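> What shape does this take:
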Amino acid sequence: MEKQSVKRSPNSAAGKLPLTTDYSKSLYEMIEAGKYDIKNNSIISKNFPIPENFLNLYVIAICKLFYFYENYNSEEMKAEIKKSGYQVANLFEILAFGKIYPNLQRTFPIIGLGTIWRDPSSSLYVPGLTNKQSRRCLDLFTLKGIWPSNCRFLGVKYQNE
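Numbers count the residues shown, from 1 in each chain. A predicted model of the protein is given here:
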């Protein structure tokens, strides 16, 4: 019997969705606007400054949620998102997405691979939205190994691209 190969291509969990990110707001204001029930205490402006190229801008984008039907690693997912013409979302875009589409995170974790934080022990983390005991959660996810297939990854395409 011949083995069949599985094509590893990204899928969209939803169509193209509009996304606006107001970088004139502080990280604290963005988190408060999202009304998260639980927040990881390491998500503070000292650890996650607003990117200089976005300071005080109001950015309009189109976004998509990407996923695979199988497990995969972060580099594979980043490459597939970029191949589709999108950029991986940063923390601030994740926050804007959670504010605009608050119930999607109740269905599956939504990860932003565009912001990486190194904690004091040198472990790497990325921000994401998830659901814990029916509560909306803004959390950090370890950036190593293979992601489970239930995760979705936010990709953004800026209006001028």
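
> pLDDT-wise, which helix or strand of this protein ranks last?
Sorting the helices and strands of the chain by mean pLDDT, DSSP states H and E puts strand 11-12 at the bottom, at a mean of 55.

> List the buried residues in stretch 142-149.
143, 147 (16 or more other C-beta atoms under 10 Å). Every C-beta, even on glycine, is put in place using the N, C-alpha and C of the backbone.

> List the contacts of stretch 144-156.
Stretch 144-156 is contacted from outside by 13, 19, 61-74, 77, 81, 84, 86-89, 93-94, 97, 108-113, 123-124, 128, using C-beta atoms under 8 Å, 6 or more residues apart in numbering.

> Next, the distance between the ends of stretch 143-159.
With C-alpha to C-alpha, to the nearest Å as the measure, stretch 143-159 spans 29 Å from end to end.

> Could you do stretch 129-142 as well?
End residues of stretch 129-142 are separated by 13 Å (C-alpha to C-alpha).

> what comes up buried for it?
Those would be 129-131, 136-141, for stretch 129-142 by 16+ other C-beta under 10 Å.

> Stretch 23-38 too?
Neighbour-count burial for stretch 23-38, counted by 16+ other C-beta under 10 Å, picks out 23, 25, 27, 30-31, 34, 36.

> what does stretch 61-80 give?
For stretch 61-80, by 16+ other C-beta under 10 Å, it's 61-68, 72, 74, 77-78, 80.

> ok, what's across the strand from residue 132?
Beta-bridge partners of residue 132, counted by DSSP bridges, are residue 135.

> how close does the residue most central in space within the chain get to residue 156?
The geometric centre of the chain, computed from its C-alpha atoms, lies nearest to residue 112 (C-alpha atoms, centre = their mean), at 2.1 Å. From residue 112 over to residue 156 the distance is 9 Å, taken as C-beta to C-beta, to the nearest Å.

> Find residues that contact each of the two.
Here residue 112 and residue 156 have 88-89, 93 as joint contacts, going by C-beta under 8 Å, 6+ apart.

> Cross these against strands and list the overlap.
Those of the shared contacts of residue 112 and residue 156 mapping onto strands are residue 88, per DSSP state E.

> What's the ChimeraX line that selects buried ones from the shared contacts of residue 112 and residue 156?
Those of the shared contacts of residue 112 and residue 156 that count as buried under 16+ other C-beta under 10 Å are selected in ChimeraX with:
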select :88,89,93
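
> Which of the shared contacts of residue 112 and residue 156 lies at the shortest distance from residue 50?
residue 93 (11.5 Å; C-beta to C-beta).
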